[in-house]
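Got a predicted model here, sequence first, then my questions.
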Amino acid sequence: MRGRKVLALTAAVLASMLVLTSCKEQQSSGNLRIQVGVASYNQGDTFISELVRSFKEQLSQYESDEITTTVTVKDAAGVQRTQDDQVEELIDSGCNVLCVNLVDRTDPSEIIDLARENDVPIIFFNREPVAEDLMQWSGLYYVGAYAEQSGEIQGELAADIIRDNSSIDRNKDGKIQYVVLEGEAGHQDAIIRTEKVVDTLRNQGIKLEKLSYGIANWNRAQAENRMTQMIGQYPNKIELVLANNDDMALGAIDAYDKLNLTESSRPVFFGIDGTDEGLQAIVDEKMSGTVYNDKEGQAGAMAQLAMALVSGEGLDGIDFENEKYIYLPYQKISPDNVEEFLR
């Protein structure tokens with residue numbers, strides 16, 4: 001019996017040594033291993049899914065005989081507690097840099113503590129943490145875009161199209177009756193995008209009348225349901241739909257399609273993000289415009305930063321704001337230039 005225990009203990013020790021050897025392979029072999037753990041708030045979000053796919057592609061371009069890269073993606077499905085546990089799993093599995101798309105931008109403390117204790121840097125992306133949290137440790141960074149700019153550009157885009165097409169004001173009352181499809185309740189980006197687009201339209205001289213709004217949590221199916229309800233409340237009165245992202249704009253279009261409403265009774269639709277389906281909707285003349293959230297640029301910045309943080313080289317060549325932030329500009333997409341953004 002004792003012999004079996006000794007054998008079992010020996011096997012366990014050997015297994016532990018193998019795991020440690022695997023995690024430290026870059027030190028023993030001289031190769032550099034970039035092991036990235038990606039913690040996503042919800043992979044069902046089309047924009048996040050496309051950004052993560054681009055990140056994988058761009059990180060793999062750094063591979064060579066001396067450099068290997070691996071990416072492990074975890075989906076929290078909108079639950080912060082789940083994401084906290086997933087980050088711990090990623091660190092325990094040997095990841096040496098994390099890319100975190102927070103479920104709750106105001107609650108990153110446990111993730112930050114775990115990373116700092118294990119000396120694993122974090123690149124937060126898309127959902128910007130509170131500034132005070134990002135300053136807790138030198139190993140914390142953010143890659144994203146300015147929410148204010150997306151709302152302003154959406155407003156400019158809508159104003160241009162409304163001015164050029166008098167038929168949008170179907171009842172000819174000199175005002176545009178509109179509804180808003182917002183992201184999450186209380187979410188910073190959703191609030192800012194909504195406020196900025198409306199302010200910009202008014203500053204551009206467009207007279208507005210708000211009919212209603214619906215929270216759709218960035219989700220196409222939820223947006224379709226909310227839009228169906230609003231169509232029932234305001235039949236043939238809605239002239240403009242402003243959505244905080246493309247998925248919700250597409251959901252609104254789905255609602256009109258399923259109700260078989262004619263073109264003459266449809267509003268104009270505007271989104272944000274420039275997802276593949278959003279761009280195609282502009283080509284198909286279903287959506288009037290969107291705001292391009294540069295997923296390729298953000299993914300490239302994340303890949304470059306991940307390489308620099310693990311290798312210890314190249315940080316000086318990265319253009320940070322306040323030594324922590326990398327922002328990529330939004331761009332206006334209309335039927336006039338959509339072909340430039342199609343891949």
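Done, it's in. Numbers count the residues shown, from 1 in each chain.

Is it correct that residue 326 is in contact with residue 308?
No: with contacts counted by Cβ atoms under 8 Å, residue 326 stays clear of residue 308, the gap being 11.5 Å. Where you see a C-beta, it was placed from the backbone N, CA and C, and this is true even at glycine.

Between those two, tell me which one has more neighbours.
Taking other Cβ atoms under 10 Å, residue 326 and residue 308 do not tie; residue 326 has more neighbours (21 against 17).

Am I right that that one is in a strand?
Yes: secondary structure of residue 326 (DSSP: H, G, I helix; E, B strand; the rest coil): part of a strand.

what bridges to it?
In this entry, residue 326 is beta-bridged to residue 143, by DSSP bridges.

any weak-confidence spans in the stretch 1-150 of the chain?
Along the stretch 1-150 of the chain, the parts satisfying pLDDT under 70 run over 1-30.

Find residues that contact each of residue 326 and residue 308.
With contacts defined as Cβ atoms under 8 Å, 6 or more residues apart in numbering, the residues shared by residue 326 and residue 308 are residue 318.

List the residues that contact the nearest residue in space to residue 274 that is not next to it in sequence.
Take residue 274 and drop its neighbours on the chain: the residue closest to it by Cβ to Cβ, 6 or more residues apart in numbering is residue 292, 3.6 Å away. Residue 292 sits next to 273, 274, 330, 331, 332, 333, 341 when contact means Cβ under 8 Å, 6+ apart.

Do you know the pLDDT at residue 292?
Residue 292 is assigned 98 on the pLDDT scale.

what's next to the helix or strand that residue 210 is a member of, contact-wise?
Residue 210 is part of strand 208-215 when elements are defined by DSSP states H and E. If you take Cβ under 8 Å, 6+ apart as the criterion, strand 208-215 is touched by 175-185, 194, 198, 201-202, 223, 226-227, 229-230, 233-234, 237-238.

out of those residues, which are inside helices?
In helices, judged by DSSP state H, the following of these are found: 194, 198, 201, 202, 223, 226, 227, 229, 230, 233.

farthest pair in these?
202 and 229 (26.0 Å; Cβ to Cβ).

now the strands for the stretch 201-343 of the chain?
Along the stretch 201-343 of the chain, counting by DSSP state E, counting those that start in this stretch, strands occupy 208-215, 240-243, 268-270, 290-292, 325-327, 331-333.

Dump stretch 103-123 to PDB, restricted to CA.
Output in PDB follows, covering the C-alpha atoms of stretch 103-123 (Å, rounded to 0.1, in the frame of the first residue of the first chain):
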ATOM      1  CA  VAL A 103     -18.900  43.100 -18.200                       C
ATOM      2  CA  ASP A 104     -19.200  45.900 -15.700                       C
ATOM      3  CA  ARG A 105     -16.700  48.800 -16.300                       C
ATOM      4  CA  THR A 106     -17.200  50.000 -12.700                       C
ATOM      5  CA  ASP A 107     -16.300  46.600 -11.200                       C
ATOM      6  CA  PRO A 108     -12.800  45.500 -12.300                       C
ATOM      7  CA  SER A 109     -11.200  45.300  -8.800                       C
ATOM      8  CA  GLU A 110     -11.000  41.600  -8.500                       C
ATOM      9  CA  ILE A 111      -9.600  41.200 -12.000                       C
ATOM     10  CA  ILE A 112      -7.000  43.900 -11.400                       C
ATOM     11  CA  ASP A 113      -6.000  42.300  -8.000                       C
ATOM     12  CA  LEU A 114      -5.600  38.900  -9.600                       C
ATOM     13  CA  ALA A 115      -3.500  40.200 -12.400                       C
ATOM     14  CA  ARG A 116      -1.300  42.300 -10.200                       C
ATOM     15  CA  GLU A 117      -0.700  39.500  -7.700                       C
ATOM     16  CA  ASN A 118       0.500  37.300 -10.600                       C
ATOM     17  CA  ASP A 119       2.300  40.100 -12.500                       C
ATOM     18  CA  VAL A 120       0.200  39.600 -15.700                       C
ATOM     19  CA  PRO A 121      -0.500  42.900 -17.500                       C
ATOM     20  CA  ILE A 122      -4.100  43.700 -18.700                       C
ATOM     21  CA  ILE A 123      -5.200  45.400 -21.900                       C
END
